[in-house]
Structure formats: C-alpha cells, structure tokens
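# my questions are about this predicted structure, shown below with the sequence.
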Amino acid sequence: MFRLGCVVTALVFMVAAPAKAQLRAVADGPTPVLFGDRVLWGTQSDGVMQFASAPLSGGPAVPFGDVPIRNRDALWLAASPAQVAVQLRSLDSPSAPGRLYAAGADGVFRELAGDVGEEPFDPLWPPLSVTTEGVFTQEATPTLRSVAGAKTEVVLPPEGDPGFVAAAGGVGVASTDGVLIVFDLRSGTELHQISLGSFDAQVTSLAVSPEGGVAATTATGDGSDVVLWAPAGARQVRVLATPARAEEVATAGGRVAFVGSNRLDGGVRVAVLDGATGTGLFRGPITAEAGGLSFDGAHIAYRTEACTLVSDVTAASSTSVVPAGACVRTAATVASLARAGAYARVDVACLSAPGDTCRVATRLGSARATARIPAGRTRILRLRGRGAKISVRVTDPDGRSRAVSGD
C-alpha cells in the first residue's frame, strides 16, 4: 500500500475556468487520464511516480497518490469514474512480468499483481482498461483482476485474437477477419457481430464504449486510413473519416475521438466526431505526436510530444496552437537531416506555434543557424561545421525552449 509522503512540488496551479473549459495544458508529464470529474497525471522523481489531479472545469491541482517506478519502466494509465489503474513494465525486458496497481478516490494505490503477462506484441492501443468487471490487461490470455487481486482469464470468442481486443464497462470487442465480435466480458458470451464491409484489413486501432459502441481504424488499401464507427447493437460499421493516417481511436457517449492527419510533414491532431452524423465537435492543435487518449464523450485528455492537454469537447474549445500553460507551445519536426563532410542540411517543418511562426535554432559544433518558419511550412537550413551531432531547438516567444532533435 502506498501513500503520497510529500508534497508534489511539480504541480501546476491553474487559474479557475468557466464550466465549459477551453483546451488547457496541465503538465509536461506522461499520459493523462480522466477520473470522474477530474483529470489525473503523473510526474516521475527519485524512483516514484507521483500523481496529481485537477478539476475538469478548471482549478488548482492537488496531490493524489504515488507508486514506485524504475527509470526504464513503461507506464500505462487507465481509469473509470471510481478507480484508476497503473501498469508498469521494464522497457529493457518487455517479457518481464508487469506490475499492476489500483486506487480509488482516496489516492491509496494497492498492488494488484506483480505477474502481468507480456502483451502479444507491441500494443496498437492501450493494453489496460478499468471495467465494471475489474481491471483488464491485454496479455497472451487477456485477464481481469479485482480490486482484491483476484484473477480471472477472459474467454474470447473462438476466432478472437488476444492481440486485438478492447474492453470497457461490461463488454469487450475482438477483431477477426472482416468482423468485430462484441462479447460479454465476464462470461465470454458473444453478443453480436459487426461487419467491416469492404474493409477487410486488420484493424490498426480498436475501442469500445461502456454502452457497447465500437470504433476502429484500418487501412483502405489506397494509401489512406479510415475511421469506422458502429453504435451499440449495430451490425455494420459506417465511415466517419478518411484521413491520410489514423493512429489511435477512443469512443464514449456516441462520439469518436481519434488521432489523425491529412498532412505529409509528420504532424497529427486529435479530433472528435459525432458518431451519428460525422460532425466535427473538437479539433486540437497540430503537433508532432499525440496519443494516450482518455475520453468520456464530454471531455478529452491526451499527451503530445511535450505536453499534457485536457478539454471539454466543444467547437469553442478547438484551437490551432497549444495553449499557454505548463509546456513549450511550439511544435515542429525535423523532416530530414543530411551530412556531407563539413556541411549539413536540415529540413525543419513548423507544425504550429504562437503567432503562427516557429523560432528554430540549429547547431553543428560551433556553427549555428536560426530561422523563423511560418506554420505549415518547411524550411531548409544549411550549416558548415564539425561535430558529432546536429541539434535542433524551438523557442517560444516567452523564451522557453525544447529540443526537437539532437540534444
């Protein structure tokens, strides 16, 4: 049993916001999670992952609880309105047993298991969820664990692949060739099948809502991806979006959130669509990375390469730039980097930034080059110098900076 033994000095205190809160940056730490009417995230320090939470409507962050963590641990975080779960596993030994912890509203984490099995392969979506039947972990045999630590193996449909399963509420969904099978999580009883129609490729992301709605992404065969949706009880998916790429999906309350992009410069953004109409309800800023979606239909929380973001799902909360707060707001990628003797060429793409301009600095040994790049554009920077590596940094107008490559 673990309690927070000290004040979390890295907490971010936010200004109170109206009930319909805009997108805001709450931390620069790892993936956040929605936990009832609060958002929760962690900060690692001295062998401890210290968690903090803040009201979804805006307000100051407060300490929540902590778990022990090793320097090379991968962390997965999931929650229901009443319980939060943390799974840790060494990045150096993915086959080593994972450790699983859970806490209620009191913030007291209890170790549920030290023997969480290896995922069938690198997870395409979070291998952890908190259901009404217990904490679900995606293993060679998917498993449910109660808050008391009791372990129950999940019985998949006969065609189900343990690497392509998602769970929420009291139901699970398994992907098979051309079909998604919705089943009762406790008994394994098949409830119904959902046809993927002409989309017969394996899904690349899969999610189910507590109500039984299912969302998925897959490849179309023409170089793009597709976001698919089926409401609870439906027998056929419908197409919600066809982005150039779609990387992660979540669903709740008849709505679908996904990470996708129509850009060729590496940028992605989080969007939320109405499942019935396909209407866009929210769009986040374009960043280099986005993921770890936590979504309850009315709120969305996720991480980028440099920030932890949370927002109500409204058009008014949509924004093209990371908001002021806990992290560097400029997002850029190094599109290509080439060395030729003492010369170097660096192609930098500006994705989004305050004032719609990325302030970029590159360095090769003692040689330096700077540029201001309009958002949505790529600039070629050339350097002549000698050094072991090329570094690229972006700087916000307030002076805060972050390495994009090389540091």
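Structure's in. What do you need?
# remind me which helix or strand the most centrally placed residue in the chain belongs to.
Central residue check for the chain by CA atoms, centre = their mean: the C-alpha nearest the mean position is that of residue 292, 1.4 Å away. Residue 292 is part of strand 290-295 when elements are defined by DSSP states H and E.
# quick check: phi and psi on the residue lying closest to the residue nearest to the centre of the chain once chain neighbours are set aside?
Counting by CB to CB, 6 or more residues apart in numbering, residue 31 is the residue found nearest to residue 292 once chain neighbours are left out, at 3.2 Å. C-beta coordinates here come from the backbone N, C-alpha and C atoms, glycine included. Per-residue torsions, residue 31: phi -50, psi 130 (degrees, to the nearest 10).
# mind listing what residue 31 touches?
Contacts here follow CB atoms under 8 Å, 6 or more residues apart in numbering; on that basis residue 31 touches 41, 75, 76, 77, 291, 292, 294, 302, 303, 308.
# and the pLDDT for it?
Residue-level confidence at residue 31 comes out at 85, pLDDT.
# and it, how far from residue 199?
For residue 31, the distance to residue 199 under the criterion CB to CB, to the nearest Å works out to 28 Å.
# quick one: low-confidence parts of the chain?
Within the chain, the stretches with pLDDT under 70 are 1-21, 122-123, 263-265, 406-407.
# dump stretch 277-289 to PDB, restricted to CA.
The C-alpha trace of stretch 277-289 is given here as PDB (Å, rounded to 0.1, in the frame of the first residue of the first chain):
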ATOM      1  CA  THR A 277     -23.700  12.500 -38.200                       C
ATOM      2  CA  GLY A 278     -19.900  12.600 -38.500                       C
ATOM      3  CA  THR A 279     -20.000  16.300 -37.500                       C
ATOM      4  CA  GLY A 280     -16.700  17.600 -36.100                       C
ATOM      5  CA  LEU A 281     -17.100  18.500 -32.400                       C
ATOM      6  CA  PHE A 282     -13.500  19.300 -31.400                       C
ATOM      7  CA  ARG A 283     -10.000  19.700 -33.100                       C
ATOM      8  CA  GLY A 284      -6.800  20.100 -31.200                       C
ATOM      9  CA  PRO A 285      -3.600  21.700 -32.400                       C
ATOM     10  CA  ILE A 286      -1.300  20.100 -34.900                       C
ATOM     11  CA  THR A 287       1.700  18.500 -33.000                       C
ATOM     12  CA  ALA A 288       4.500  16.100 -33.800                       C
ATOM     13  CA  GLU A 289       2.900  13.400 -31.600                       C
END
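# in it, what's buried?
By 16 or more other CB atoms under 10 Å, the buried positions in stretch 277-289 come out as 281, 282, 283, 284, 285, 286, 287, 288, 289.
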